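Colleague: one predicted model, sequence on top.
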Amino acid sequence: QDSHFPQFRSFDWFDLHSWSRGVIPSADGKDQESTSEELNLHFGIHLWGKETGRKSLQQLGATMLAMATTTVQEFFLMTEGNPHHPADYARNRAPGMLLQNKAHYATYFGKKFEYIHGIQMLPLSPALMLARSPKFNKLEWSEILCNLPLALTDRWTSVLLTGNLAMFDSSAALERLQKMHPKSMDDGLTKAYALYWASVQPASDGNWTCGQPFFHGPRVCPAGHYRAGAGCLKCPAGTWNNLTNQTNRTACQACGAGRYSSQAGLTSNEACQSCPPDTWSTALAAQLQDTCIPCARDRNAHPSCQKGQPASGSYTTTSTSIAMAGSTSRASIAASTGRASITTKQAERFPSEPVMLVKTRESSRGQSAITVLMVAALLWSVCGGLIASFRLLTPALT
């Protein structure tokens with residue numbers, strides 16, 4: 001015995017199962033999230049007593065395992081006609097977290113259906129077969145789990161296939177498990193053990209169909225959507241998704257460069273709108289046309305702008321002014337310099353956007369002369385101030 005812990009640790013002899021959270025106070029009381037972990041503990045105590053020749057410990061493990069199994073079947077693995085939960089809640093088949101003051105269809109680490117149901121299946125041990133009957137497994141699978149994506153690269157798929165499907169349709173589970181990569185297995189499960197587990201399960205007829213999910217069960221989300229909890233959400237504006245039954249927003253792919261969309265729920269990149277002619281954009285997941293940049297701002301900014309460049313002529317001016325909207329004014333400004341060969345029609349090709357005009361050589365020379373004059377004026381004023389100060393100070397010094 002260890003004086004620092006209760007003799008039976010977290011096991012409650014009144015409720016006949018274990019509670020978590022230790023001595024931490026909680027308004028909703030203590031809770032249990034993973035019944036399979038508890039069953040594995042009691043099964044381990046039973047085996048440890050057997051291997052060490054301690055019959056009393058072996059019997060204690062067996063007693064706690066039997067009591068917890070009965071409690072789990074009544075309060076946690078909910079079949080039809082469950083007397084302890086409302087009928088609508090019992091249709092969840094697993095409560096998620098069962099607290100002393102409430103039940104919450106979720107887990108502490110997320111609300112995905114794979115988490116809520118899978119946490120009641122691991123670790124995979126013979127103790128699991130005591131609580132999870134073929135009847136319950138078939139009910140949970142055909143009503144809820146069969147509607148999940150069950151991607152072969154998802155670690156939770158290996159948990160659901162071994163902890164449920166294999167226990168009432170071993171052939172179907174074995175077929176899927178064989179297609180999974182060993183690295184896609186759950187951290188506490190190897191592919192070899194998963195295949196062994198499915199192979200030694202009692203034979204079954206495989207007579208079941210995947211039913212339509214009830215109103216708050218998992219839905220098969222269409223393309224352009226992803227599943228969030230019990231519902232389907234549209235991929236946000238600027239993204240798209242061409243796959244069904246996706247379980248995360250990461251399934252929504254960004255509209256490519258040169259495209260944008262303010263509409264949610266798109267099903268292809270082509271459904272995103274293209275930037276208007278003579279504009280470009282490298283932005284991904286753009287939602288507004290404003291991200292499309294006119295080529296007229298800088299013909300060298302993007303390769304696509306070279307195609308629409310005027311055949312001859314360029315804008316020049318004797319100042320750093322900005323030509324605003326209106327092609328006629330641009331042609332007039334350019335013509336006034338005597339260096340632009342661009343015509344009015346050529347100017348009209350450009351969109352009505354502000355464009356910085358290029359300074360000419362004369363402009364640079366003119367500005368250089370102005371700079372020299374300004375410096376000279378500054379020096380003259382400084383010298384004048386020094387001379388005046390010297391005249392004022394001379395009588396005082398003499």
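Modeller: Looks like it arrived, so ask away.
Colleague: could I get the average pLDDT for stretch 140-156?
Modeller: Mean pLDDT, stretch 140-156: 92.
Colleague: span of that stretch from start to end?
Modeller: 16 Å (CA to CA, to the nearest Å).
Colleague: hmm, who's touching it?
Modeller: 77, 91-94, 112-115, 117-118, 157, 160-161, 164-165, 168, 176, 179-181, 184-187, 208-211, 213-214, 217-220, 245-247 (CB atoms under 8 Å, 6 or more residues apart in numbering). In short, each C-beta sits where N, CA and C put it, glycine included.
Colleague: only whichever of the residues you listed are buried, select them in ChimeraX.
Modeller: Of the contacts of stretch 140-156, the buried ones go into a single ChimeraX selection, burial set by 16 or more other CB atoms under 10 Å:
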select :77,91,92,93,94,112,113,114,115,117,118,157,160,161,164,165,168,176,180,185,186,208,213,217,218,219,245,246,247
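Colleague: where do the helices sit along the stretch 1-150 of the chain?
Modeller: For the stretch 1-150 of the chain, applying DSSP state H, counting those that start in this stretch gives helices covering 35-51, 55-75, 87-90, 113-118, 128-131, 134-143.
Colleague: can you show me the CA trace of stretch 237-249 as CSV?
Modeller: C-alpha atoms of stretch 237-249 as CSV (Å, rounded to 0.1, in the frame of the first residue of the first chain):
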residue,chain,number,x,y,z
ALA,A,237,-14.5,33.3,-50.2
GLY,A,238,-11.2,33.0,-52.1
THR,A,239,-11.1,29.2,-51.7
TRP,A,240,-12.6,26.1,-53.3
ASN,A,241,-12.9,22.4,-52.7
ASN,A,242,-13.8,19.7,-55.2
LEU,A,243,-14.0,16.8,-52.7
THR,A,244,-16.9,15.5,-50.6
ASN,A,245,-17.0,14.7,-46.9
GLN,A,246,-14.0,16.7,-45.9
THR,A,247,-13.6,17.2,-42.1
ASN,A,248,-11.4,20.3,-41.9
ARG,A,249,-11.1,23.8,-43.4
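Colleague: can you give me how far that stretch is from the chain middle?
Modeller: Counting by CA atoms, centre = their mean, to the nearest Å, stretch 237-249 is centred 11 Å from the centre of its parent chain.
Colleague: equivalent analysis for stretch 154-173, please.
Modeller: So, by CA atoms, centre = their mean, the centroid of stretch 154-173 is 26 Å from its chain's centroid.
Colleague: buried residues in that stretch?
Modeller: Applying 16+ other CB under 10 Å to stretch 154-173 flags 154-170, 172-173 as buried.
Colleague: endpoints of it, how far apart?
Modeller: Start-to-end, stretch 154-173 (CA to CA) is 15 Å.
Colleague: what do you get for stretch 191-206?
Modeller: By CA to CA, one end of stretch 191-206 lies 22 Å from the other end.
Colleague: which residues does it contact?
Modeller: Outside stretch 191-206, the residues touching it (CB under 8 Å, 6+ apart) are 124, 134, 158, 161-162, 166-174, 177-178, 180-182, 185.
Colleague: same check on stretch 13-33?
Modeller: Outside stretch 13-33, the residues that reach it (CB under 8 Å, 6+ apart) are 9-12, 35, 38, 41, 67-68, 70-72, 75-76, 96-102, 107-108, 119.
Colleague: what about burial for the residues you listed, which qualify?
Modeller: For the contacts of stretch 13-33, buried by 16+ other CB under 10 Å: 10-12, 35, 38, 41, 67-68, 71-72, 75-76, 96-99, 107, 119.
Colleague: what strand or helix carries Y226?
Modeller: In this assignment (DSSP states H and E), Y226 forms part of strand 225-228.
Colleague: what is the burial count for T282?
Modeller: 12 (other CB atoms under 10 Å).
Colleague: for it, which non-adjacent residue is closest in space?
Modeller: Of all residues beyond its chain neighbours, the one nearest T282 is A257 (4.8 Å), with distances taken as CB to CB, 6 or more residues apart in numbering.
Colleague: likewise for K102?
Modeller: That would be D28: by CB to CB, 6+ apart, it lies 5.5 Å from K102.
Colleague: how about C295?
Modeller: Per CB to CB, 6+ apart, closest to C295 is C305, 3.5 Å.
Colleague: how about the contacts made by the one you found?
Modeller: Applying CB under 8 Å, 6+ apart, the residues near C305 are D278, W280, C295, D298, R299.
Colleague: unless I'm mixing things up, the third one is touching S281, no?
Modeller: No. With contact defined as CB atoms under 8 Å, C295 does not reach S281; the gap is 11.1 Å.
Colleague: low pLDDT regions in this protein?
Modeller: 1, 205, 213-217, 219, 229-230, 307-370, 372, 382, 385-398 (pLDDT under 70).
Colleague: gap between W197 and L150?
Modeller: 17 Å (CB to CB, to the nearest Å).
Colleague: which of those two has more neighbours?
Modeller: Shown here are W197 and L150; by other CB under 10 Å, W197 has more neighbours (23 against 18).
Colleague: please, which helix or strand holds that one?
Modeller: Taking DSSP H and E as the definition, W197 sits inside helix 191-199.
Colleague: ok, residues contacting the strand holding Y226?
Modeller: 218-219, 221, 232-235, 241, 245-249, 251-252, 265.
Colleague: for it, which positions count as buried?
Modeller: H225, Y226, R227.
Colleague: could you dump those into a markdown table and include distance to M374?
Modeller: Shown next, in a markdown table, are the buried residues of strand 225-228 (distance: CB to CB, whole Å):
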| residue | distance to M374 |
| --- | --- |
| H225 | 66 |
| Y226 | 64 |
| R227 | 69 |
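Colleague: out of the residues you listed, which comes closest to K50?
Modeller: R227 (45.0 Å; CB to CB).
Colleague: so the closest one bridges to which residues?
Modeller: Under DSSP bridges, the beta-bridge partners of R227 are C232.
Colleague: nothing else from me, thank you.
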